[in-house]
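Asks: based on what follows, work out the 3D shape:
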Amino acid sequence: MDKKIPTSTTTSSIIFFSEDPPLKKKGHGLSVLLYNMLSGLKKYRPTVVTFTPSTTITRSDIVDDAHWEVLLCDNKLHKATKIRFFTSAMFPVRLLNFLLYLPAIIKLARQQPASPVLVSVGASAKPLVFAALLKKFIPNPVWLYIVDDFEKINELSTNKLERYLTSKFTQPVLKSADRVIVISEGLRQVYKQRHIITADVLLPCFAAIDANLQKIPTGSNVFTFVYTGGLNLLYNDTLKLFADKLQELNSYGSRQYKLIIQTYSSREQFDSLQFDKSVVVYSTSAERSSSLPSYREADCFLVPYTFEAVKQDLVQTSFPQKVAELIQLKRPILFLGPSYSSVIRFFREQQVPYVVDEQNLSSLPEIIEQLATSETHQALQENYSRIYRDHFSEVNVKRVLFDEQMQSQL
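Replies: Here you go, the predicted structure:
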């Protein structure tokens, strides 16, 4: 045990179980999402049960920045996981580690019998196996927090293990879970239709950051858009479409436009998309931070989603945590994607400007020019602040996770 587990019983805490540890510096995806969720829950004394995912992540990476108790389930096979082709990322090793630590997990659960165990589920179906075992061996309520439509993802996957686990465990684990929480309204609708499951929505949280990010003065007549995130099938074609529009505007206008792609994806992935290098710039960083130079260069952030109909299911259910970060930075955000996207639908409902879907896509060049010539109004910043507070901050995490728990104890 890396930090002492509290021995007193508390009825207002949650035990987080995740294959991916919460990480402040080296994480992506679920690791960052969980870190930001947990950062606002200090007074609830949460506990995290997790694993060391790879040799590039150390125990100190997981523990040093944690303001919560941590139980790392990988000491027993620490030497074996260093052997090539037998890493801790392999599911049999991780499952064996879990079983070896099961007595410690059961002890932890019995110390906090009223605390639910929240199992986070991303693109992989493997956490369903752990959820099924936890449901069998501990008396605590078992909750699921599902942040990706893993069924659809694994339906398209060639990974036989993932496809087997998805088909074997999805329905029974969903039905046995004491509560299902999902990351978007689109995913909530999918579970209602697909499994007749009632789920609650917990949008991604991002801890409060320095919103007074000063723009780097360039002294040039260039308006800079910044996209931050991975390069994959959900975004690439719309990034290409947007870059083409910027290139067209640059060809005849006095004002010039630039797109910075700030990504953890490789330079090879970027080059394969064949962007016009006079318009699009590649940027990367080993650590995620709101102090990235590309953020300071941004006149406007870009949140794109593919318009391809074959990817509708994934676009409908996705809700990236980057929007919870970007909305704090007091810069305009251009949302570009189909109307069925949970992100596009949410921000239209919040009545923010600069939302482009198939209905006004033909006006994209005019909207880009409008962005470049408009001042950032105080009303826009105030609306962003309200949206962040009510939907993406620790306030919303506490409301979703604890309000129902408290009411059930009355």
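Asks: secondary structure element holding residue 231?
Replies: Here residue 231 sits in a region with no helix or strand, counting by DSSP states H and E.
Asks: helix/strand/coil for the closest residue in space to it that isn't next to it in sequence?
Replies: Using C-beta to C-beta, 6 or more residues apart in numbering and skipping residues adjacent in sequence, the residue nearest residue 231 is residue 265, 4.0 Å away. (Glycine included, C-beta is placed from N, CA and C.) At residue 265 the chain is in coil, as set by DSSP: H, G, I helix; E, B strand; the rest coil.
Asks: what's around residue 265, how many residues?
Replies: Neighbourhood size, residue 265 [other C-beta atoms under 10 Å]: 16.
Asks: could you pull up phi and psi at it?
Replies: Phi and psi for residue 265, reported as degrees, to the nearest 10, are phi -70, psi 160.
Asks: dump the residue contacts of the closest residue to residue 339 other than its chain neighbours.
Replies: Spatially, and ignoring its direct neighbours in sequence, residue 339 is nearest to residue 357 (4.3 Å; C-beta to C-beta, 6+ apart). Contacts for residue 357 were tallied using C-beta atoms under 8 Å, 6 or more residues apart in numbering; they are 337, 338, 339, 341, 344, 348.
Asks: looking at these, which has the most residues close by?
Replies: Neighbour counts for those peak at residue 341, which has 29 neighbours (criterion: other C-beta under 10 Å).
Asks: am I right that it is in contact with residue 305?
Replies: Yes. Under the criterion of C-beta atoms under 8 Å, residue 341 makes contact with residue 305 at 4.7 Å.
Asks: the residue nearest to residue 231 and residue 297, how far apart?
Replies: Counting by C-beta to C-beta, to the nearest Å, the gap from residue 265 to residue 297 is 19 Å.
Asks: same thing with residue 171?
Replies: Taken as C-beta to C-beta, the span from residue 171 to residue 297 is 48 Å.
Asks: between the two, who's got more neighbours?
Replies: Ranked by neighbour count (other C-beta under 10 Å), residue 171 and residue 297 place residue 297 first, with 19 against 15.
Asks: so that one touches residue 228, yeah?
Replies: No. Between residue 297 and residue 228 there is no contact under C-beta under 8 Å: 11.7 Å.
Asks: name the residue closest to the centre of this protein, please.
Replies: Closest residue to the average C-alpha location of the chain: residue 321 at 4.2 Å, with C-alpha atoms, centre = their mean.
Asks: quick check on the closest residue to that one other than its chain neighbours: phi, psi?
Replies: Among residues not flanking residue 321 along the chain, residue 204 sits closest, at 3.5 Å (C-beta to C-beta, 6+ apart). Phi and psi for residue 204, reported as degrees, to the nearest 10, are phi -60, psi 140.
Asks: ok, residue 130 next?
Replies: According to degrees, to the nearest 10, the main-chain angles of residue 130 amount to phi -70, psi -40.
Asks: then the one 4 residues further on?
Replies: The phi and psi values for residue 134, taken as degrees, to the nearest 10, are phi -60, psi -40.
Asks: spit out the contact partners of it.
Replies: Going by C-beta under 8 Å, 6+ apart, residue 134 touches 17, 105, 117, 119, 140, 142.
Asks: and the third one, how many neighbours?
Replies: To tie it back to what came earlier, the one meant is residue 117. 25.
Asks: so what pLDDT did the residue lying closest to it once chain neighbours are set aside get?
Replies: Using C-beta to C-beta, 6+ apart and skipping residues adjacent in sequence, the residue nearest residue 117 is residue 15, 4.6 Å away. pLDDT, residue 15: 96.
Asks: any idea what residue 15 is bridged to?
Replies: residue 47, residue 117 (DSSP bridges).
Asks: burial measure for it, as a count.
Replies: Residue 15 has 26 neighbours, counted by other C-beta under 10 Å.
Asks: does it touch residue 116 like I think?
Replies: Yes. Between residue 15 and residue 116 there is a contact under C-beta under 8 Å: 7.2 Å.
Asks: shared neighbours of those two, anything?
Replies: Common neighbours of residue 15 and residue 116 (C-beta under 8 Å, 6+ apart) are residue 140.
Asks: tell me where the model's unsure across the chain.
Replies: Within the chain, the segments meeting pLDDT under 70 span 1-12, 75-89, 210-219, 286-291, 293, 376, 404-410.
Asks: now residue 121: how far from residue 366?
Replies: 42 Å.
Asks: ok, these two, which is more surrounded?
Replies: residue 121 (25 against 10).
Asks: so who does that one touch?
Replies: The contact partners of residue 121, by C-beta under 8 Å, 6+ apart, come to 127, 128, 131, 144, 145, 146, 147, 148, 150.
Asks: and for the residue nearest to the third one when sequence neighbours are not counted, the neighbour number?
Replies: Right, residue 131. Nearest in space to residue 131, with sequence neighbours left out and distances taken as C-beta to C-beta, 6+ apart, is residue 119 at 4.4 Å. Using other C-beta under 10 Å as the criterion, residue 119 is surrounded by 25 other residues.
Asks: in terms of helices and strands, where is residue 119?
Replies: Here residue 119, judged by DSSP H and E, is contained in strand 117-121.
Asks: re earlier: look up how far residue 257 lies from the residue nearest to residue 339.
Replies: Applying C-beta to C-beta, the value for residue 357 to residue 257 is 21 Å.
Asks: cool, residue 21 as well?
Replies: Distance from residue 21 to residue 257, by C-beta to C-beta: 40 Å.
Asks: please save the CA atoms from stretch 365-384 in CSV.
Replies: Taking Å, rounded to 0.1, in the frame of the first residue of the first chain, the C-alpha atoms of stretch 365-384 are listed here in CSV:
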residue,chain,number,x,y,z
PRO,A,365,-15.4,30.9,-44.4
GLU,A,366,-17.6,33.8,-43.3
ILE,A,367,-17.6,32.5,-39.7
ILE,A,368,-13.8,32.2,-39.7
GLU,A,369,-13.5,35.8,-40.9
GLN,A,370,-16.0,36.9,-38.3
LEU,A,371,-13.9,35.3,-35.6
ALA,A,372,-10.8,37.1,-36.8
THR,A,373,-12.5,40.5,-36.8
SER,A,374,-14.5,40.3,-33.6
GLU,A,375,-13.4,41.2,-30.1
THR,A,376,-13.8,38.6,-27.3
HIS,A,377,-16.8,40.0,-25.5
GLN,A,378,-17.2,39.9,-21.8
ALA,A,379,-20.6,38.2,-22.2
LEU,A,380,-18.9,35.3,-24.0
GLN,A,381,-16.4,34.8,-21.2
GLU,A,382,-19.1,35.0,-18.6
ASN,A,383,-21.1,32.3,-20.4
TYR,A,384,-18.0,30.1,-20.7
